[in-house]
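Asks: curious how this folds, go ahead:
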Amino acid sequence: MSNLFNPNRRTFLKTVGIASAGVALNHVALGESRPLQQVPKRKFGRHEEIISSLGIGGFTLAMAKTVEEATRIAHAAIDYGATFFDNAWEYHKGRAEEWMGAALAGKRDKVFLMTKVCTHLPGQQSKEKARAMLEQSLKRLKTDHLDLWQVHQIGSEAEADSIFMPGGVIEAIEQARKQGKIRYCGFTGHLNPQLHLRVLAHKYPFDAVQMPLSAFDSHAEGFQKLVLPELLKQGIAPLAMKTLGGNGKSVKDGVITSGEALRYALSLPIATLISGIDSMAWLQQNASAAASFKPYSPSEMAALEKRCADKKQYEPYRHWAYRDGHSHYANFA
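Replies: The predicted structure is shown next:
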């Protein structure tokens, strides 16, 4: 039986209910005549700010057929109320940020914009490298500030420790915050929950942490059991990713449906679920699921966890061979 149904989770569900209640029905420019309920909002960790419970993944958005199609998807997402936009400096060698910048032109004030600094890449751990990446990301995204800047893909103890070294990325984060170029900060990773705990042990006031959360991750060594409670304890906003296992094979194999996977992750005490969307059809499906979301009961959660137990093949992100983004720079430019 899941141990997530504790007082913290009950408080979370009450908050979700309040945020979801009374949401107006709006017509959206998707070629549909019927009104659609908006994606509800959730509290951003310890802060009073609220963000959409469904986020748009920048890596997958850049896999749309054209930048024009990506722009249509982004605009429709905003109409749906899915206003959290995810990205990273390295995705598609910068094209993901460029396309998102083009898509959000004239709509920057309507979204919560996040990208990631890639100090996990060899030789890129310094404050100076991080600052250069930030300036490049801001230029690509056509904005003068980020709502959230995250240290991307912590994959080793050395990478976890390098965050806090003198002249490292934390100094870049603090300088950027003072200059008004970022509002919040966080970090991400999908390889090992112990690395997240190693970073969190510093008690640095991170605002968000992005990590895999799914029915396949509900085991004792998963992020859900090991990291999520610590985030809630520190008031850090949990950002869910890899809800289908990172490649969608779990759905193709008939182990779980995309609707079940989305509903499971949204039933956890998270701030947002970042979803890979590269077509209008996927946007409509996922946004509709988020808009009509009702939490699973404890018994429903337990049943789904049992069905997905011991299926490690649907956690490919836990292996060294899997790396987000697929694109790696030989030299920083």
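Asks: beta partners for Ser52?
Replies: Lys41 (DSSP bridges).
Asks: how far away is it from Tyr317?
Replies: Ser52 is 24 Å from Tyr317, where distance means CB to CB, to the nearest Å. For glycine as for every other residue, the C-beta is placed from the backbone atoms N, C-alpha and C.
Asks: now swap in Ile236 and tell me
Replies: 20 Å.
Asks: ok, Trp99 next?
Replies: Distance of Trp99 to Tyr317, computed by CB to CB: 24 Å.
Asks: Ser52 and Tyr317: which has the busier surroundings?
Replies: Legend: neighbour count by other CB atoms under 10 Å for Ser52 and Tyr317, higher for Ser52 (26 against 19).
Asks: for the more buried one, give me its contacts.
Replies: Residues near Ser52 by CB atoms under 8 Å, 6 or more residues apart in numbering: Val39, Pro40, Lys41, Arg42, Gly81, Ala82, Thr83, Phe84, Phe112, Thr272, Ala290.
Asks: show me where the stretch 201-333 of the chain has strands.
Replies: 208-212, 237-241, 272-275 (DSSP state E, counting those that start in this stretch).
Asks: in the protein, which residue is closest to the centre?
Replies: Ile274 (4.0 Å; CA atoms, centre = their mean).
Asks: surely it touches Gln210?
Replies: Yes - between Ile274 and Gln210 there is a contact at 7.0 Å, judged by CB atoms under 8 Å.
Asks: quickly list what's touching both of those two.
Replies: Leu239, Ala240, Met241.
Asks: quick one: contacts for the second one?
Replies: What it means is Ala240. Gln210, Met211, Pro212, Leu213, Ser214, Ala265, Leu268, Ile270, Thr272, Leu273, Ile274.
Asks: could I get those as TSV with pLDDT?
Replies: Converted to TSV, these look like this (pLDDT from 0 to 100):
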residue	pLDDT
Gln210	98
Met211	97
Pro212	97
Leu213	97
Ser214	96
Ala265	98
Leu268	98
Ile270	98
Thr272	98
Leu273	98
Ile274	97
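Asks: top of the residues you listed by neighbour count?
Replies: For the contacts of Ala240, neighbours were counted using other CB under 10 Å, and Thr272 has the most, 31 neighbours in all.
Asks: now name the helix or strand holding the closest residue to that residue other than its chain neighbours.
Replies: With sequence-adjacent residues excluded and distances taken as CB to CB, 6 or more residues apart in numbering, Thr272 is closest to Gly55, at 4.5 Å. Assigned by DSSP states H and E, Gly55 belongs to strand 54-57.
Asks: quick check: can you name the pairing partners of that strand and their directions?
Replies: Paired strands of strand 54-57, with direction, are strand 84-86 (parallel), strand 272-275 (parallel) (DSSP bridges).
Asks: what's the closest of those to Ala261?
Replies: Closest to Ala261 of the strands paired with strand 54-57, according to CB to CB: strand 272-275, at 9.4 Å.
Asks: which residues are contacting the closest one?
Replies: Counting by CB under 8 Å, 6+ apart, residues outside strand 272-275 touching it are 42, 51-57, 84, 86, 210, 237, 239-241, 243, 262, 265-266, 282, 286, 290.
Asks: of these, select the buried ones using a PyMOL command.
Replies: Of the contacts of strand 272-275, the buried ones can be selected in PyMOL as follows, counting by 16 or more other CB atoms under 10 Å:
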select buried, resi 42+51+52+53+54+55+56+57+84+86+210+237+239+240+241+243+262+265+266+286+290
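Asks: give me phi/psi at Pro205?
Replies: phi -80, psi 60 (degrees, to the nearest 10).
Asks: please enumerate the strands of the stretch 51-200 of the chain.
Replies: Under the criterion DSSP E, counting those that start in this stretch, the stretch 51-200 of the chain carries strands at the ranges 54-57, 84-86, 112-117, 146-151, 182-188.
Asks: understood, closing this out.
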